[in-house]
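[1] Provided below for reference: sequence and predicted model.
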Amino acid sequence: MAKIENTTVYPLTTPSVDDFVIGTDTSDENRTVSFSIESITATSLLQGLQSVLDTGNTATEDISLTGNITLVGGYIYPAQIFAAGAPGSAGQILSSTGTGIQWIAAAGAQDLQDVIAVDPNTTLDIVMDNSDINSTGSINMSGAAQVLALSTNTDMTLAAGCDITTSGNINLSGGSSVLNFGTTAEINDSAGSTGAIGSILTVDAAGTGVEWSTGIPSASMPTLQEVLDAGNTATGIGVQFIGSSITTFSASSTIQSLANNVWSGTNEFSGNGGTPATSGINLPGSLSDGVGTGTSGQVLTSTATGISWADLSTVGVSSVSTITPVVASTPSTPITISPNTGGVLIRQNIYSGGSLIGCVPDGGTAGTFLEGNGNWTTPTGAVTSVSVLASGTSVGVNDAIKITPTTGAVQVTANAFDGSDRVGHVPDSSAAAQTTTFLRADGTWQPPAGGGGSSAPRWSQYFKFYNGKLAVAPNEYMINAGYSTFGVANPGQNFIYSHGTSPPSTVAISDGELMENTYFGNAGDGVCATSFPKTGICEVDYQILLDHTCIVTIDVWKILDVGGLTYITPLASGNIAVTSGVLGTGSLTVGTGTNNQINAGERAIITFKSDLTFSNKTLSMGLTFRFQGEA
């Protein structure tokens, strides 16, 4: 078999798809087989440009193409580019002709205006670094996610008349973002209004925009609880409630004030409990009537337009009112009066029959009479008339009203009380004795025994005091330490014992002070035939001579000496302005009511004090007491 390279045996020819070639089948132990040209061209045995370049991508021959070369990535490193068959001259640039390319002369240096004049459109980012863009035209940015970004402390400044109009959002982000408004800057709402002074910017009623409003939306108003949770202390400012309103405090809420409070309206305190915690008003402190807190024993009275402290003995009837009559259900009186001072209320008790006492009930008519059961009835007897005769004098125990005869022309006589066990109405009294006499059990009007009557015994007693070397401290209560005789070489020193700066009404005197300083004592009945259980001090006059100018206070006190000193109260007192070496005279102020009486078992003592300190001074003093005994 000749070699394939022997073209004589194997002449060259142009192959067709039906021609065969001989080859080796590597998949079948390298068996020799034949292939058609068509099968070879249809298999992957054909090579592409990539396989050729993988074998070797360097050539020294020219490449002539009638198609296009598309370069995806990579670079072209031409040593020379021909356009229109020429490589161009130095300085020329390659330019498009629309259907091809050509070399043209390069233009001079171009500014932004030249570039924009050629084409103002770009899809590229514009990056500026310490450079400015000045334009009298517009800058339009379009496309999704395009951003005008200013960074590194770069500001955007708009001159007067320049506006920013956007259909999108203006977002401020970051903790240092600030929207500043100048002194004349304004904000327009959705209606184009800049709002009035004091208006606030809020969402409009439709919820589609904002508007200026003079009212605060309810959704923006905090509740009182939210305000107080944020802070419930106000300094230097108060709260005013104007108009009709009610401020309610629950049972566990209280008002505590350390300041002076003024209540000008009508205030109602409805608590009625019997303890300080449940009473309507609890006053652990003092109560002032606008002038002072009163003195011990005084009561609070009405002045019609206010209140005032007054002595109980001076409180009289301020008003008399009648209240609805009631039917007496128990033995009573025709009228009930309560209280006996202040605003007196008088109630009629209606007679309801039997042994009860009361006023005639309503319901009687002409021809009817009141029965013993309290009912009005038409009599069945032959009484033709009833006449009232002149009053007489009772003569029996059941003779207050005398009726005779009981039939026919009935006559009624009202008899006056005549003493003893007789009954009757109160007898007449003379006008001159109506304020000084009382009805006695014998039916006569008589002045009371004692208490101002002519039969009450009266007397006076004089006490004198002397001290030639008196020494006192300010407001120090001095108590007598014993009597002595005037004119001896060493006269007794009265008022030399100091009781201290507390009055005997708060610090009890000692037994020694009591024995040395008692000037009058009411021992009671004793063996006397006539009984005067109490003595009233009517008047206390003083004479005082002191070689020192000061204010002297003289007090007369009474004590009850039964099993110890149970109480000490003032009987008389006086503050005396003493001029050195000048005799002073006058009267002390005597207490009223029970505060001028010395009852059985009580005693009187005297104290002296000065408002200034002095020593080795001479004091002469005399006190005249006027007494009246009461049986």
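    Arrived safely.

[2] Next one: residue 629 from residue 371, what distance?
    For residue 629, the distance to residue 371 (Cβ to Cβ, to the nearest Å) stands at 54 Å. In short, each C-beta sits where N, CA and C put it, glycine included.

[3] Kindly report the same for residue 216.
    On the measure of Cβ to Cβ, residue 216 and residue 371 end up 79 Å apart.

[4] Over to residue 32?
    Distance from residue 32 to residue 371, by Cβ to Cβ: 167 Å.

[5] Stretch 538-546 - what's its average pLDDT?
    The pLDDT scores in stretch 538-546 average 92.

[6] Can you show me the CA trace of that stretch as PDB?
    This file holds the C-alpha atoms of stretch 538-546, laid out as PDB (Å, rounded to 0.1, in the frame of the first residue of the first chain):
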ATOM      1  CA  CYS A 538     -68.400  94.100 143.800                       C
ATOM      2  CA  GLU A 539     -65.400  96.400 143.600                       C
ATOM      3  CA  VAL A 540     -61.700  96.500 144.300                       C
ATOM      4  CA  ASP A 541     -60.100 100.000 144.800                       C
ATOM      5  CA  TYR A 542     -56.300 100.500 145.000                       C
ATOM      6  CA  GLN A 543     -53.900 103.100 146.400                       C
ATOM      7  CA  ILE A 544     -50.200 102.700 145.500                       C
ATOM      8  CA  LEU A 545     -47.000 104.700 146.100                       C
ATOM      9  CA  LEU A 546     -43.700 103.500 144.700                       C
END
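
[7] next one: that stretch to chain centre, how far?
    56 Å (Cα atoms, centre = their mean, to the nearest Å).

[8] before we move on, back to that, so for residue 629 and residue 371, which sits in the more crowded spot?
    Shown here are residue 629 and residue 371; by other Cβ atoms under 10 Å, residue 629 has more neighbours (17 against 11).

[9] Make sure that one is actually in contact with residue 458.
    Yes. With contact defined as Cβ atoms under 8 Å, residue 629 reaches residue 458; the gap is 7.4 Å.

[10] Now do stretch 255-271: everything it contacts.
    Residues outside stretch 255-271 that contact it (Cβ atoms under 8 Å, 6 or more residues apart in numbering) are 249, 278-281.

[11] rerun that using 10 Å as the cut-off
    247, 249, 277-282 (Cβ atoms under 10 Å, 6 or more residues apart in numbering).

[12] gap between the two ends of stretch 596-607?
    Distance between the boundary residues of stretch 596-607 (Cα to Cα, to the nearest Å) amounts to 17 Å.

[13] pLDDT on that stretch, on average?
    Averaged across stretch 596-607, the pLDDT comes to 82.

[14] Also stretch 228-239?
    For stretch 228-239, the per-residue pLDDT averages 90.

[15] returning to that earlier point: and for residue 629 and residue 458, which residues touch both?
    When Cβ under 10 Å, 6+ apart defines a contact, the residues bordering residue 629 and residue 458 alike are residue 536.

[16] tell me the domain ranges of this protein?
    The record assigns the chain these domain ranges, following automatic domain parsing: 319-380, 458-630.

[17] Give me whichever of the ones you listed is most buried.
    Mean neighbour count (mean count of other Cβ atoms under 10 Å) peaks for domain 458-630 among the domains of the chain, with a mean of 16.

[18] so where's the stretch 251-400 of the chain shaky on pLDDT?
    For the stretch 251-400 of the chain, applying pLDDT under 70 flags the ranges 313-334, 337-344, 379-384, 390, 392, 394-399.

[19] the strands in it, which residues?
    Taking DSSP state E, counting those that start in this stretch to define them, one finds strands in the stretch 251-400 of the chain at 299-302, 307-310, 317-327, 335-338, 342-350, 369-370, 376-377, 385-388, 392-393.

[20] My guess is residue 500 contacts residue 476. True?
    Yes. Counting by Cβ atoms under 10 Å, residue 476 is a contact partner of residue 500 at 7.0 Å.

[21] these two touch, right, residue 113 and residue 133?
    No. Residue 113 is beyond contact range of residue 133, at 11.1 Å (criterion: Cβ under 10 Å).

[22] Thanks a lot, see you next time.
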